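**Q** what follows is a protein structure lacking sequence information:
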């Protein structure tokens, strides 16, 4: 099978378009990967895999504001 430079350029262009489409879907879902995966009919695992392959940065997850159970001293 021969791969010509034209095919490589086309493949790269399609990859860039797919990456941009996934980013726009993630932004629309406020980077909720589960919700975005459902929109494109993928499992959450597959969505994470594609995010990794396409080097899409995800924002840091903010944790809840509740107190940790480990901040309290336990009686001995």
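**A** Yep, it's here. All values reported here derive from a predicted model rather than from experimental measurement. Residues are numbered from 1 along each chain as shown.

**Q** residue 33 against residue 44, yeah?
**A** Yes - with contact defined as C-beta atoms under 8 Å, residue 33 reaches residue 44; the gap is 6.0 Å. For every residue, glycine as well, the C-beta is placed using N, CA and C.

**Q** more neighbours: which of those two?
**A** Between residue 33 and residue 44, counted using other C-beta atoms under 10 Å, the more crowded position is residue 33 (16 against 13).

**Q** how far away is that one from residue 19?
**A** Distance of residue 33 to residue 19, computed by C-beta to C-beta, to the nearest Å: 15 Å.

**Q** and for residue 9?
**A** Using C-beta to C-beta, we find residue 9 at a distance of 16 Å from residue 19.

**Q** so for those two, which sits in the more crowded spot?
**A** For residue 9 and residue 19, the more surrounded residue by other C-beta under 10 Å is residue 19, and the numbers stand at 16 against 10.

**Q** against residue 24, how distant is residue 60?
**A** Taking C-beta to C-beta as the measure, residue 60 falls 20 Å from residue 24.

**Q** so these two - more neighbours on which side?
**A** More crowded of residue 60 and residue 24, by other C-beta under 10 Å: residue 24, with 11 against 6.

**Q** show me the strands in this structure, by range?
**A** Counting by DSSP state E, no segments of the chain form strands.

**Q** quick one: low-confidence ranges for it?
**A** Across the chain, the stretches falling below the confidence threshold (pLDDT under 70) are 1-6, 61-76.

**Q** spatially nearest residue to the one residue sitting closest to the centre of it, not counting backbone neighbours?
**A** Centroid-nearest residue in the chain: residue 51, 4.0 Å away (criterion: C-alpha atoms, centre = their mean). Leaving aside its chain neighbours, residue 51 sits nearest to residue 58 (6.7 Å; criterion: C-beta to C-beta, 6 or more residues apart in numbering).
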